[in-house]
Structure formats: structure tokens, C-alpha cells
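*Asks:* sequence plus the predicted model coming up.
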Amino acid sequence: MESTILIGLAAGAVLALVMLWAVWLWRRRREGKLKSVLKAIGIASQTDVSLPDTNQGQIHLEHLIFTAKGLLVLDVKNVSGVVFGSDAMEEWTTIDNARRFTFRNPQPALLDRVAALKLVARDIPVEGYVVFPVTADFSKGRPMHVIQPDELAERYSKPARADLERIIDAFSPQWERVVAACEPSFKLAASA
């Protein structure tokens, strides 16, 4: 009797470990997809940096990517399930199976980041998006500044080598000015 209980407990523990490993692997692949897209579209990049903002403070940029079409500011939201959100809504809701949670509309903060970058970048196009994984379902409508990795890869794919070299030559001085204005975000946390 006791051995049957022990075998059942051991089997349950093994099953729980396998399930945890599967979830970890799934999340890692999802994050890897975004990393590979960022590498594919980026000429150069900065991660977790800050720039001066319009209020004489600093503003955090999660991802700053130099692409063939200009500069991209990307905020990443790792949520799964159906996402209900619009440009005008203050709170967005995600429903994933039986779980439901809300979060603040990420677009206004993104637009503040884009504005701060435009002040520094000046003569180079600047755009911004909130990146959601493919597991986020916007079947009721997707807000303006939301993008998913596959669309990001398609929209910002690198051109042929000769065109890419011309773009790099044209935009490198602006990129260098932006990089010079960036500070690692950990410096902000250490000084606070």
C-alpha cells in the first residue's frame, strides 16, 4: 500500500517537472523568436538604455533598433490569450483560459519614448511599437502601435546589400549621436 502511494507521488513529481520544463522551453522559444527577428532587422541596437526626455529627466528604452527604415523603439509585452485593447482605452484586458488580468495601455508611454528619441535623432525617421508574441490574439481589433514578430520582420526586412550600405552611410551620424546620448539604464537605478 505504501509503495503504491510512493510510486504515485514519484510519478506525480516527474509529471510536474516535465510540465514545468515544457512551459520553460515554450517561453524560451517564444523569446528566441523575438531575438532572432530583432537581429534580422537590426543594423545595430541598444537594449535597456535611457535618453533625456522632454521634462529634463530620463526615459527608459527597452529596445532601440537601427533599421534600414530608420530607428525603432520597441516595448515588449509577454502576454498570451485574447487581448482586448484599443487606442482610446486606458486599461487593456487579457484573458487566457480561466485567467484574466488588466494592464495600462502601453501606447502613451511608447509615444513618450518616441518623442524623446526624435529630439535626439533629428534627421532620421523614428517609429515605435509595442511587440506582443504570436500567442496574443487581437481578434477584436489591434491598436495602432501594436505589432507581432512576424509582421515586424516583414515590415523592416533589410534591403539588398548596396541599398543597405547607402542607408548605413546616410544614417550613421544620427545613430552615433543617439548612441552617445544613451546611458545604460542600470546607472539610473544605481543613482536613484
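*Replies:* Looks like it arrived, so ask away. Remember, predicted model here, so these are calculated numbers, not experimental data.
*Asks:* just the buried positions in the helix or strand hosting Val120, please.
*Replies:* Taking DSSP states H and E as the definition, Val120 sits inside helix 107-121. Using 16 or more other Cβ atoms under 10 Å as the test for burial, helix 107-121 gives Gln107, Leu110, Asp112, Arg113, Val114, Ala116, Leu117, Lys118, Val120, Ala121. C-beta here means a position set from N, CA and C on the backbone, and glycine is covered the same way.
*Asks:* quick test: name the residue nearest the centre of the protein.
*Replies:* Geometric centre of the chain, nearest residue: Val76, 2.5 Å, by Cα atoms, centre = their mean.
*Asks:* wait, that one touches Glu62, no?
*Replies:* Yes: using Cβ atoms under 8 Å, Val76 is in contact with Glu62, at 6.1 Å.
*Asks:* low-scoring stretches of this structure, by residue?
*Replies:* Residues of the chain meeting the criterion pLDDT under 70: 1, 6, 9-11, 13-32, 186-192.
*Asks:* ranges for the strands of it?
*Replies:* For the chain, strands defined by DSSP state E occupy the ranges 44-52, 58-67, 70-76, 81-84, 91-96, 99-104, 126-131, 136-137, 146-147, 183-184.
*Asks:* sorry, back to before: grab the nearest non-local neighbour of the residue nearest to the centre of the chain.
*Replies:* Nearest-residue entry for Val76: Val131, 4.9 Å, with adjacent residues in sequence omitted and distances by Cβ to Cβ, 6 or more residues apart in numbering.
*Asks:* beta partners for that neighbour?
*Replies:* Val76, Ile147 (DSSP bridges).
*Asks:* pretty sure it contacts Asp150?
*Replies:* No: assessed by Cβ under 8 Å, Val131 is found out of contact with Asp150, at 10.8 Å.
*Asks:* so which of these two has more stuff around it?
*Replies:* Remark: of Val131 and Asp150, Val131 carries more neighbours, 22 against 11, as counted by other Cβ atoms under 10 Å.
*Asks:* and that one, how far from Pro106?
*Replies:* 10 Å (Cβ to Cβ, to the nearest Å).
*Asks:* for those two, list the residues in contact with both.
*Replies:* Residues within reach of Val131 and of Pro106 at once, by Cβ atoms under 8 Å, 6 or more residues apart in numbering, are Asp75, Lys77.
*Asks:* what's the neighbour count on Ala153?
*Replies:* For Ala153, the count of nearby residues is 17 (other Cβ under 10 Å).
*Asks:* and Asp87, what is it in contact with?
*Replies:* Asp87 touches Asn105, Gln107, Pro143, Met144, His145, counting by Cβ under 8 Å, 6+ apart.
*Asks:* please pick the buried ones from these.
*Replies:* The buried subset of these - by 16+ other Cβ under 10 Å - is Asn105, Gln107, Pro143, His145.
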